[in-house]
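Engineer: output the structure for:
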Amino acid sequence: MDQRQQHPTPLYDQYVDPLPPTDAWACFLSARYSQRKTLYEGFTATEKELIRKELRRVRYLTQRLFSEPNNAPLVALLDESRRRWRQQAIQNSKAALAKCDKELAQPDCYHKPLLQRNRSLLLQVQQWSTQPAQDQQRQELDPENYIEGLGAPDDSIDDNPDKSNYGYNGWVIVYKKGQGGVTLDHPLCHGQYPHQKISVQKLLYDTANTPLKRSEDKNQLRYFHLQANNMRWVEDAIARYYGEASGLDRRRSTIIRERGMSKPTNRLSNTEKLLKRELWHGQERGGIGTHLPPHARQIRPRCALVPSAPWTPHTHPALGSPMNSTTNTNDVVLFMPYLHWEIEKRLTRMTNVIRKTRQKKEETYYMERQNKRRGTWGSVVDKVMTARVQRQDSIPDDTFTNDKLMDDAPSWRPSSRLGTYLWHAAKLFQLIDEAADWRLINDHLYGESSLHPRRTLEQYSSWTAEDTTKRDRQQVVYRGTWMKNDLESIPRVVMVDQLWMWILDENTIITAFPRRWGRNKPDPSAVHRAIRDYMASVDKGQINSIYDLALIIVDECSKVIFDRTKPDLRPEVVDIFGSAISKIAEKKTESYERFGRDVKRMNTQDPLQTSEELLRKSLNIKYEWSVLMEAQNVIDQLQIMQEIFTQQITIMTDFEKVLRGLGSGVPPSQLDGLTSTLERASSLLTDMKSNRDELADLEKRQAKTRTQIRELLDMKQQQSGIIEAKAGIRRADESVLQGRSIVVFTVVTIFFLPLSFFATMFGMNARELNDGHMGIGTQLLLMLFPSLGITILSLALAFSTRARGLIFGGWRSFTGGLRKPVASTHQLMEASAHTIREFMLEKLRERDMQYGESPQKLPIHEHRGAATEKRPGIWASGKFSSGNLSHLWTRRRSR
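Structural biologist: Numbers count the residues shown, from 1 in each chain. Modelled structure (predicted):
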């Protein structure tokens, strides 16, 4: 490793990584391509093995990605964009080199140290046009030329790419009491304390060489971490710890339980005792047999004591006599939810992979059921399963197409050729980075011991909802981190993860909690990264027992969203909620001011038109309702987070009771260490309560604003009632005035009515008045009787129901004799199902009598595929709409 310092890099050519590399592979990747050969030669033999292993893994992933049909267009685009960029760079290099030489000729060029570097780069770009020189440079820098053994995998260190769990690593931390952290000297582990890694395949399935074995050394504290809430991994890890062949046989346990049988305790393995139903599958919510979405899966929060497994008798290494450990210890099992975060685009890609995996599972299940019924179980299903196995490693084809699902987010594409090349390279790098995650979901999402994926706040509370994408984008954190007009904004959401922890034999901890999606590289906001950083800076006397290490793990999980010391992309959740509450309070104040202005206007100007305008304005509560919904959304999310912290406080209270119970059998000489552990636990419990109280204060502020908005809505309703009452009084006054006008009109009419009668009478052509042809008596009779008849008929139609029935019945009888009624579409649509059936039966009988056919039943309730009547048509189809019935009856009548 000392040779890394023998070739210093110019200051302007150095890259400062915000996260310094923690192992040889990270150093190799962070170095420039031209410097990797020298760096590799300075590595130790173990570090060289790690480099070869990782290069073989990258080569395998590259071959798989290039061979996938879904990725072929992206690879072709990357090659084309690279070719176009190099072509443009060669064309522009001559002019850029001339400009650079001109600037170097200036007397103040020594103030610009990058000019000479730019000139050397431009000279190298001009050499790209010569193909032999380019090929020679590639061959010199290709790792195949200076690293031996890349084509020969070593089974002792390399993982099998054909098996599951390929590409996932576990973490190992070893701490010795009184000495501090130490690097575990093991051939399968690489890296230095506290950043030692081991592949999951070697950790869980290399039964002979795995470091995950039971140890009696109480002075050496070991911590093994699995980077996913995978129940299968946990079962295999516990089995490797006890040296047993396999984990749980859940199918056999289910059959035994359904038959009412119980397996004898002395026949249970140590893994089955530790992962018994009430502390493992019995605690699971939303398992495989529940038909719930994958995000509903969760182990219910709990902290419990389990008696440690007995040690098998063994021989003392020095005396050669058999010995057995008689110390009675207890193991601790802890399940706890905690808050984390994720970038919204990464969450979308994870959701797409889960959705496609679920669709494949449902299609396979449907095929199995169909082929069981048809008796082709062995032929079709095997082919389908084989195709599924061949496709399960393929990358979803919509991994990047769903980036456009952002709410009205403008689509962005790079305009320059270099930007296009880097953009395509970033997409391909993202595929490689997420390969381990989508393989994990494809392999372990569905199984008897399944994977528990990460979930959002909404998925945690409404865990039966199938799709929460829209509601996830209504999170306060999402709205606070996404700006519509800022293309560089990175929207994020709050997630709910799970901590699974087992404290075994007072010297070993096994944990399982997830990492962020696609973070197959150092993540500054990762919980385990925070634990490793803390362990790197811890003093020798701060960790006295395995329980101190457990408290450190719980503390780092609990304070993710409250830790303001990490310079990363994690959202400032408390500040974002505070800003959202302040904005809602401003909207509330604006609503009150608008309402006050309207009330003042109504009191100063009181015409009827202004009151009606204010009434319509008061009835429009769209703005206030939107503010109320925002306030309620904030309160709901704060309550969910408070619930999570309440569960954490309950778990820590139980854990503190466990620690106090351990003090009953501890010698006085060890009480000092236990006292410091109890103080650490009490401090952690106080921090959890403080975090919950901070969220509760935010909720109280928002609840106060929500109450004020509701009061405003009540006042607007009351004010609208007052306005409506005043308008009603005004309209009543106007009605009185209109009534007086009608009285005046009536009086005038009464005064002129006799005059009109006599004027009309004396204007008649009667013999008695003006020598007419008809007498006045005859004219009065002709006018009186028709008028009297019309008046009586009108009064009867208006006030007598019986008279209306007689008149309309007579009219229908009269018109019915002239023509047959034809059922209209409108009448059939208003008729009930029973009426339509009776109508059709009657018409069918009339038709059969007309054509001389025997009556048949209507196939109203028959299956569509059943035998039908003699005449085809809508009678035999079983579809009876009102329009078809009316049309058919009209057509039959026309014939």
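Engineer: buried residues in stretch 25-40?
Structural biologist: Residues of stretch 25-40 classed as buried by neighbour count (16 or more other Cβ atoms under 10 Å): Trp25, Ala26, Cys27, Phe28, Ala31, Arg36, Lys37, Leu39, Tyr40. For the C-beta atoms, the positions are set from N, CA and C on the backbone; glycine is no exception.
Engineer: SS state for Met336?
Structural biologist: Classification of Met336 using DSSP: H, G, I helix; E, B strand; the rest coil returns strand.
Engineer: helix, strand or coil for Thr565?
Structural biologist: Once three-state DSSP is applied, Thr565 turns out coil.
Engineer: ignore the last one, Gln632
Structural biologist: helix.
Engineer: just give me the closest of the buried residues of stretch 25-40 to Leu422.
Structural biologist: For these, the minimum distance to Leu422 (Cβ to Cβ) is 19.7 Å, reached by Ala31.
Engineer: give me phi/psi at that closest one?
Structural biologist: Main-chain torsions, Ala31, degrees, to the nearest 10: phi -80, psi 160.
Engineer: what of the one 3 residues further on?
Structural biologist: Reported as degrees, to the nearest 10, the phi and psi values for Ser34 are phi -80, psi -10.
Engineer: how about the contacts made by it?
Structural biologist: Leu141 (Cβ atoms under 8 Å, 6 or more residues apart in numbering).
Engineer: where does it land on pLDDT?
Structural biologist: We note a pLDDT of 78 for Ser34 in this prediction.
Engineer: now it: how far from Tyr146?
Structural biologist: Ser34 sits 12 Å away from Tyr146, taking Cβ to Cβ, to the nearest Å as the criterion.
Engineer: equivalent analysis for Asn328, please.
Structural biologist: Counting by Cβ to Cβ - Asn328 and Tyr146 are separated by 58 Å.
Engineer: the two: who's more crowded?
Structural biologist: Tyr146 (13 against 9; other Cβ atoms under 10 Å).
Engineer: that one and Lys37 touch, don't they?
Structural biologist: Yes: taking Cβ atoms under 8 Å as the definition, Tyr146 is a contact partner of Lys37 at 4.9 Å.
Engineer: that older thread, out of the buried residues of stretch 25-40, flag the one nearest to Ile238.
Structural biologist: When those are compared against Ile238 (criterion: Cβ to Cβ), the nearest one is Trp25, at 29.3 Å.
Engineer: ok, and the closest non-adjacent residue to the closest one?
Structural biologist: Spatial nearest neighbour of Trp25, excluding adjacent residues (Cβ to Cβ, 6 or more residues apart in numbering): Glu54 at 4.9 Å.
Engineer: out of the buried residues of stretch 25-40, which is nearest to Leu65?
Structural biologist: Nearest to Leu65 out of these is Trp25 (Cβ to Cβ; 19.7 Å).
Engineer: so that closest one makes contact with Ile51?
Structural biologist: Yes: counting by Cβ under 8 Å, Ile51 is a contact partner of Trp25 at 6.2 Å.
Engineer: which stretches of the stretch 51-200 of the chain form strands?
Structural biologist: 169-176, 180-182, 196-199 (DSSP state E, counting those that start in this stretch).
Engineer: and what of the stretch 351-500 of the chain?
Structural biologist: Along the stretch 351-500 of the chain, the stretches classed as strands by DSSP E, counting those that start in this stretch are 455-456, 492-504.
Engineer: okay, those in CSV with mean pLDDT next?
Structural biologist: As requested, these are arranged in CSV below (pLDDT from 0 to 100):
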stretch, mean pLDDT
strand 455-456, 95
strand 492-504, 96
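Engineer: ok, which of those comes nearest Gln88?
Structural biologist: Smallest distance to Gln88 across the strands of the stretch 351-500 of the chain (Cβ to Cβ): 36.1 Å, for strand 492-504.
Engineer: for the buried residues of stretch 25-40, which one is nearest Phe751?
Structural biologist: Nearest member of those to Phe751, counting by Cβ to Cβ, is Ala26, at 111.7 Å.
Engineer: so that closest one belongs to a strand, correct?
Structural biologist: No: under three-state DSSP, Ala26 sits outside any strand and is assigned helix.
Engineer: look up how far Gly178 lies from it.
Structural biologist: 31 Å.
Engineer: equivalent analysis for Leu104, please.
Structural biologist: Leu104 is 62 Å from Gly178, by Cβ to Cβ.
Engineer: next: Phe224.
Structural biologist: 22 Å.
Engineer: who's more crowded, these two?
Structural biologist: Neighbour tally, Phe224 and Gly178, criterion other Cβ under 10 Å: the higher count belongs to Phe224, 24 against 9.
Engineer: a helix runs through the more buried one, doesn't it?
Structural biologist: No: if the criterion is three-state DSSP, then Phe224 is strand and not within a helix.
Engineer: so the spatially closest residue to Pro524 that is not a sequence neighbour, which of the three states?
Structural biologist: Setting aside the residues directly before and after it, Pro524 is nearest to Asp568 in space (Cβ to Cβ, 6+ apart), at 4.1 Å. Three-state call for Asp568 (three-state DSSP): coil.
Engineer: state the number of residues packed around Asp568.
Structural biologist: 13.
Engineer: residue ranges for the helices of the stretch 751-895 of the chain, please.
Structural biologist: Secondary structure of the stretch 751-895 of the chain, counting by DSSP state H, counting those that start in this stretch: helices at 767-770, 776-799, 801-816, 825-830, 833-851, 874-877, 882-894.
Engineer: show residues contacting the longest one.
Structural biologist: It refers to helix 776-799. Helix 776-799 is contacted by residues Met764, Ala766, Arg767, Glu768, Leu769, Ala803, Arg804, Ile807 when judged by Cβ under 8 Å, 6+ apart.
Engineer: next: the third one.
Structural biologist: The set of residues that contact helix 801-816 without belonging to it, under Cβ under 8 Å, 6+ apart, is Ala796, Leu797.
Engineer: report the buried residues of it.
Structural biologist: For helix 801-816, the neighbour count (16+ other Cβ under 10 Å) marks no residue as buried.
Engineer: and the angle from that helix to helix 776-799?
Structural biologist: With axes from the mean of the first three to the mean of the last three Cα atoms, to 10 degrees as the basis, helix 801-816 and helix 776-799 are set at 100 degrees to each other.
Engineer: quick check: mean pLDDT across helix 801-816?
Structural biologist: The average pLDDT within helix 801-816 is 80.
Engineer: pull it out as CSV, backbone CA atoms only.
Structural biologist: Below are the C-alpha coordinates for helix 801-816, written out as CSV (Å, rounded to 0.1, in the frame of the first residue of the first chain):
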residue,chain,number,x,y,z
THR,A,801,-109.0,13.4,-9.9
ARG,A,802,-111.9,11.2,-10.8
ALA,A,803,-113.0,13.5,-13.6
ARG,A,804,-109.4,13.4,-15.1
GLY,A,805,-109.4,9.6,-14.9
LEU,A,806,-112.7,9.3,-16.7
ILE,A,807,-111.8,11.8,-19.4
PHE,A,808,-108.3,10.3,-20.1
GLY,A,809,-109.6,6.8,-19.9
GLY,A,810,-112.3,7.5,-22.5
TRP,A,811,-109.7,9.1,-24.7
ARG,A,812,-107.4,6.1,-24.5
SER,A,813,-110.3,3.8,-25.3
PHE,A,814,-111.2,5.9,-28.2
THR,A,815,-107.7,6.0,-29.6
GLY,A,816,-106.9,2.3,-28.8
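Engineer: quick one: that helix to chain centroid distance?
Structural biologist: On the basis of Cα atoms, centre = their mean, to the nearest Å, helix 801-816 sits 68 Å off its chain's mean C-alpha point.
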